[in-house]
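Colleague: Mind folding the following:
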Amino acid sequence: MKRSEINGILTEAVEFCHAQNFNLPPFAFWAPEQWAQAGHEYDEIRDCMLGWDITDFGQGRFDELGLTLFTIRNGSARLPQYTKPYCEKLLIVGEGQVTPFHFHWNKVEDIICRGGGNLLVQVYNASEDEQLANADVPVNIDGRSFTVPAGEVLRLTPGESITLPQYNYHKFWGEEGEGMVLVGEVSAVNDDETDNRFLEPLGRFPAIEADEPPLYLLCTEYPPAPE
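Modeller: All right, here's what the predicted structure looks like:
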């Protein structure tokens, strides 16, 4: 992705958060120069990959296949000094913008439609060989447990949420004609490097073409603390 495209996405995301009255923590708006001066007291942000995360899943079609995320808080499965057993993320999903089928081996998560348009979520169980199973899928929406056929598309309106257990393939996108969607994610500790199983081989973090300076750094770009 070009840096200019990422900067434009970040500008739009911040404007949308303001419009939805969702306030981000101060480090969301730090310039790269501030990160270069940030000491070890900010290592949790670096090590747990808090902050902005933009992905086009390596396909170069962000408006069709992409996602904007901000990790607000997270623990670590590999670094014992970070003891939080939970994660909270903000996701911004465009109309028709797909996050493709994936599941998590370890993480259980709630996906919450916070505001804006409606979020459509398609669900399957994973088969033993980690493909799409044909079996009915247990679903829990806001504490109501029921079962749907494999491949069912569920609509979450603002305020509704769905619980996604391990080995539950899910794909989601903003409903056409309803506007961008502000989505919350509350989960067990998130590890994007080891706990994402995409149905099709996809990239998770983009290669960036530096055609202009960064507006904000992404969570994969923080410099180490100065010594």
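Colleague: give me the low-pLDDT residue ranges for this structure?
Modeller: In the predicted model, the chain carries no residue with pLDDT under 70.
Colleague: So which residue is dead centre in it?
Modeller: Nearest to the mean C-alpha position of the chain, by C-alpha atoms, centre = their mean, lies residue 69 at 4.5 Å.
Colleague: okay, now the spatially closest residue to that residue that is not a sequence neighbour: neighbour count?
Modeller: Leaving aside its sequence neighbours, residue 69 sits nearest to residue 53 (C-beta to C-beta, 6 or more residues apart in numbering; 4.1 Å). In short, each C-beta sits where N, CA and C put it, glycine included. As a burial measure, residue 53 scores 21 neighbours (other C-beta atoms under 10 Å).
Colleague: quick thing: my sequence starts at 10, can you match it?
Modeller: Okay, residue one is now 10; in that scheme the one you just asked about reads as residue 62.
Colleague: so residue 62 is in which element?
Modeller: Taking DSSP states H and E as the criterion, the element that holds residue 62 is strand 60-64.
Colleague: which helices and strands does that strand pack with?
Modeller: helix 12-28, strand 76-83 (3 or more C-beta pairs under 8 Å, 6 or more residues apart in numbering; DSSP states H and E).
Colleague: Those into CSV, with extra columns for distance to residue 125?
Modeller: As requested, the helices and strands packed on strand 60-64 are arranged in CSV below (distance: least, C-beta to C-beta, whole Å):
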stretch, distance to residue 125
helix 12-28, 7
strand 76-83, 13
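Colleague: from the ones you listed, which stretch is densest packed?
Modeller: Comparing these by mean neighbour count (mean count of other C-beta atoms under 10 Å), strand 76-83 ranks first with a mean of 21.
Colleague: name the helices or strands packed onto that strand?
Modeller: helix 12-28, strand 60-64, strand 95-102.
Colleague: again, only using 6 Å
Modeller: When contacts are defined as 3 or more C-beta pairs under 6 Å, 6 or more residues apart in numbering; DSSP states H and E, strand 76-83 sits against strand 60-64, strand 95-102.
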